[in-house]
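**Student:** just the structure for this:
(2 chains)
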Amino acid sequence: MLPSSTVENYLKAIYHGVASLARPQRLLPMGQLAAALGVAPGTATTMVKTLAESGLVRYEPYAGVALTASGEKLAALVLRRHRLIELFLVRVMGYSWDEVHEEAEQLEHAVTDRLVDRMDQMLGRPEVDPHGDPIPSADGRVKRQTAESLLTCPLQTPVTVTRVIDQDRAFLRFIESHDLKPGQSIEVEHRDAASDSVRVRGSNDKRVTIGMRAASKLLVHVAKLIVLVAIGAALVVGAPSTAAAQAAGGDAGYPNTGPLSGYMDFHFNKTDHQPGVLDFHRFVLLMTHSFTPKIRFVGELELEHAFVEGLEESGELELEQAYVDFLLSRRINVRAGMLLMPIGIINERHEPPVYNGVERPFVDTVIIPTTWFDVGAGVHGELTGGFRYRAYAVAPLNSLQFTADEGIREGRQKGSNSNVRNVAYTGRLEYRGVRGLTLAASAWTGDSSFSTPRLDTSVTLTEFDARYRRDRLELRTQFADVRIADAGRLNDSIARAVGIPPNVAKRLRGYYAEAGYRIWNAGAPRDLVAFVRYENFDTQFRMPDGLLPLKEFDRDAWTMGVTYYPDPDVAVKADYTRLRNQSGLFANRQLINVGLGWWF
Amino acid sequence: MVVLSEVMSTRRYVLASMAILVVALPNAASVRQGGTPRVIEITAERFEFWPPEVKVSEGEEVELRIRSDDTNHGFRIVGTGTNLLIPKRGKGYAVGRFTGSRPGRYTFECNRMCGAGHNFMRGEIVVRPSATGKIP
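**Tutor:** Coordinates of the predicted model:
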């Protein structure tokens, strides 16, 4: 028999009542239950005895009542209906969040499980309702939330409102009017016990003082990376009154300074019979700041391999991006600072959850030297017909650092006192006129002989790539070709400097094709993707006169693996690579990689 | 349905029926029903919105449903108060309303840092004049 609405209301009231008890108290006093339901204590006691006979509650005379396991499950299912209905009314039917509680109170007893499941599916299996209350699963489980209130969270620390635990309409309207709804980023500036007040700084620097009681009803989540903020604190703290003025001028929404984003890569790598290594490959922090809605800063600071050796030449703390964007129009915008070269798929899209494989493709390592960045300035924007472009003038490469196995990679100046005796130019044109498809061509060209002015080692890189993503399938392909002028004399110059001819090629070439398929969806947002990639790359593709190619650098690779996403921002990766070379002297290699990467 | 009508008040019955209707018609996206605004589905993915351009008639109110195919994104229509957080892939969608009160082009953009190409992530709502005329 289905429980009546009265039974459900009792179970729900006991559920809430017990949850509000201070530990170690386990039983809800009958007086409190009667008050919560607005009935006489005798009425409540009679009903509770009936519920106890049904095995839904445990009742101890003169002590109180608690739910049994089956009673708790039933209560959780009522809450599930209630909270899904609330969310449905807000998202789909346009109700405001302060008027849905009463409707849901009625509807929670009337809707069928089938309808509720359809609502759940349509809403994308949400975890919380409009007030931030957790939505129990269809089997009655409630995800445990760890949150602090505005009374207990750290002072002057960015926190995010996650839940409002009072659904009184007037209170909800107050919360909304002061931008304190779930999802809002705020800071508690000051608590004053004498006046029972808490001063909160909200978005756009808006300040509001609320009472301790109201503060206790707002639960927040404290960002976990606060300890890391020290590095970027100067860039983030105090983000700015100018922006508040802008917002006051009717352009709400900025500044939205982050405060901090980032991505990380943690890898296990094993090659053939060598011992495996664990490497915290990348730790990257991104910072943003908006001076005005149209003038914005983006910075990206990367620590590679978790360690800086201290010497300037071997340090691996890199400033990969630090630029200011002047957003003029959709068609044309100006950017200046430390820029990512707009070359290939990976260089501008290198967050670990975005690509398959623990390590980046070889082509994006030895042909296109990702992450490729340097100082410069340029323009970007969108054209008609689905085209988008970037065009920058940047510091050139240093050809004296070119090598046989990694091509131009070591020639990057990385904005560290970059020599700009010559200027290089780079650009990219993308077509995105068809859903899921990106076709692109990019190029980089520049005289890279500032260290050897008598040479003319111009470097020209041309690249084409395509990505197609639809439903479960993602396809990628990329082709890159590098030409180094005057490579013969460049080899002579380097040989004179270091004593060994470096065997730098006059042409490098590489390409790859990859197919990924979402083979398993464990209920959004969890996914499992399988992929296979073939790469062919040769850093000795064409040699200058008088030099023979080193065939061990003419390579191809098959990589296959899986990426599991427990969350869209977390990627657990595992893959196997067979790396072959064309030399008869050097053995082919097998690599096993396992990685954990995330973005926040 | 008979059983439902026995246990619900008229108002709740209407409300639940509407809910069933919406659930049963997930593809109602481009269908205008009575006075309800037209629904426009937008997908956000690093570093683009699809479609990148949305057309609205002057005076028309539309409901924007924005879903992410990867991480959290923001959705801000420049010069208006619209500022939404788009939940991650599989965690639902953000809903916003937009009324084309004046013909013109309105830029929308991601305003939550989503990666290296974040500032490229923009699109446009084009409000066409009700009479034939050029969009400024």
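
**Student:** over to A:Val7: give its phi and psi.
**Tutor:** When quoted as degrees, to the nearest 10, the phi and psi of A:Val7 stand at phi -60, psi -50.

**Student:** how many neighbours does it have?
**Tutor:** By the measure other Cβ atoms under 10 Å in any protein chain shown, the count of residues near A:Val7 is 20. Using the backbone N, CA and C atoms, a C-beta is placed for each residue, glycine as well.

**Student:** now the one 5 residues further on
**Tutor:** Neighbours of A:Lys12 under the rule other Cβ under 10 Å: 21.

**Student:** how about A:Gly183, phi and psi?
**Tutor:** Dihedral angles of A:Gly183 (phi, psi; degrees, to the nearest 10) stand at phi 100, psi -20.

**Student:** so it sits against A:Val164, correct?
**Tutor:** No - in this structure, A:Gly183 is not within contact of A:Val164 by Cβ atoms under 8 Å, at 11.1 Å.

**Student:** quick one: the helices in the chain?
**Tutor:** Since you didn't name a chain, this refers to chain A. A:5-19, A:30-37, A:41-53, A:69-91, A:100-107, A:113-122, A:169-177, A:212-216, A:229-236, A:241-248, A:487-498 (DSSP state H).

**Student:** the chain in question should be chain B.
**Tutor:** Along chain B, counting by DSSP H, helices occupy B:2-7, B:10-24.

**Student:** who's in contact with residue 68?
**Tutor:** No chain specified, so I'll use chain A. Residues touching A:Thr68, when contacts are defined by Cβ atoms under 8 Å, 6 or more residues apart in numbering or on different chains, comprise A:Gly55, A:Leu56, A:Val57, A:Arg58.

**Student:** ah, no, chain B please
**Tutor:** A:Pro568, B:Thr43, B:Ala44, B:Glu45, B:Ile86, B:Pro87, B:Lys88, B:Arg89, B:Tyr93.

**Student:** which one of the residues you listed is nearest A:Pro342?
**Tutor:** Taking Cβ to Cβ as the measure, A:Pro342 sits nearest to B:Glu45 out of these, at 18.4 Å.

**Student:** who has more neighbours out of A:Gly183 and A:Val164?
**Tutor:** More neighbours sit around A:Val164 than around the other of A:Gly183 and A:Val164, counting by other Cβ under 10 Å; the figures are 23 against 13.

**Student:** return the helix or strand in chain B with minimum mean pLDDT.
**Tutor:** For chain B, the helix or strand with the lowest mean confidence is helix B:2-7, at a mean of 35 (criterion: mean pLDDT, DSSP states H and E).

**Student:** returning to what we had before: can you tell me which of the helices of chain A is packed in deepest?
**Tutor:** Each of the helices of chain A was scored by mean neighbour count; the highest is helix A:69-91, a mean of 22, by mean count of other Cβ atoms under 10 Å in any protein chain shown.

**Student:** and that helix, does that touch chain B?
**Tutor:** Yes - if you take Cβ under 8 Å from any Cβ of the partner chain as the test, helix A:69-91 does meet chain B, through A:Phe88, A:Arg91.

**Student:** what about that helix, distance to the chain center?
**Tutor:** Counting by Cα atoms, centre = their mean, to the nearest Å, helix A:69-91 is centred 30 Å from the centre of its parent chain.

**Student:** what is it packed up against?
**Tutor:** Of the remaining helices and strands, those touching helix A:69-91 by 3 or more Cβ pairs under 8 Å, 6 or more residues apart in numbering or on different chains; DSSP states H and E are helix A:5-19, helix A:100-107, helix A:113-122.

**Student:** model confidence over that helix, on average?
**Tutor:** Helix A:69-91 shows a mean pLDDT of 89.

**Student:** and the gap between B:Glu45 and chain A?
**Tutor:** Shown here: B:Glu45 relative to chain A, a distance of 8 Å by Cβ to the nearest Cβ, to the nearest Å.

**Student:** what sits against that residue?
**Tutor:** Residues counted as contacts of B:Glu45 (Cβ under 8 Å, 6+ apart) are A:Arg469, B:Ser68, B:Asp69, B:Asp70.

**Student:** pick the one among those residues closest to A:Ile135.
**Tutor:** Ranked by distance to A:Ile135 (Cβ to Cβ), the contacts of B:Glu45 are led by B:Ser68 at 19.2 Å.

**Student:** that closest one and B:Ala94, how far apart?
**Tutor:** Remark: distance between B:Ser68 and B:Ala94 (Cβ to Cβ, to the nearest Å) = 9 Å.

**Student:** hey, what's in contact with both of the two?
**Tutor:** B:Ile86, B:Pro87.

**Student:** quick check: closest non-adjacent residue to residue 47.
**Tutor:** I went with chain A, as the question did not name one. Nearest-residue entry for A:Met47: A:Tyr10, 5.8 Å, with adjacent residues in sequence omitted and distances by Cβ to Cβ, 6 or more residues apart in numbering or on different chains.

**Student:** that's the wrong chain, I wanted chain B
**Tutor:** In space, B:Phe47 comes closest to B:Gly117 once its chain neighbours are excluded; the distance is 3.6 Å by Cβ to Cβ, 6+ apart.

**Student:** for the one you found, phi and psi?
**Tutor:** In this entry, B:Gly117 is assigned phi and psi values of phi -100, psi 20 (degrees, to the nearest 10).

**Student:** who touches it in this structure?
**Tutor:** With contacts taken as Cβ under 8 Å, 6+ apart, B:Gly117 has the following neighbours: A:Glu348, A:Arg349, B:Arg46, B:Phe47.

**Student:** need the max-distance pair from those.
**Tutor:** A:Glu348 and B:Arg46 (9.7 Å).

**Student:** domains for chain B, by residue range?
**Tutor:** In the assignment given by automatic domain parsing, the structural domains of chain B cover B:1-28, B:32-128.

**Student:** grab the nearest non-local neighbour of residue 98.
**Tutor:** No chain in the question, so chain A it is. A:Leu172 (3.8 Å).

**Student:** to clarify, I was referring to chain B.
**Tutor:** Take B:Phe98 and drop its neighbours on the chain: the residue closest to it by Cβ to Cβ, 6+ apart is B:Val62, 5.5 Å away.
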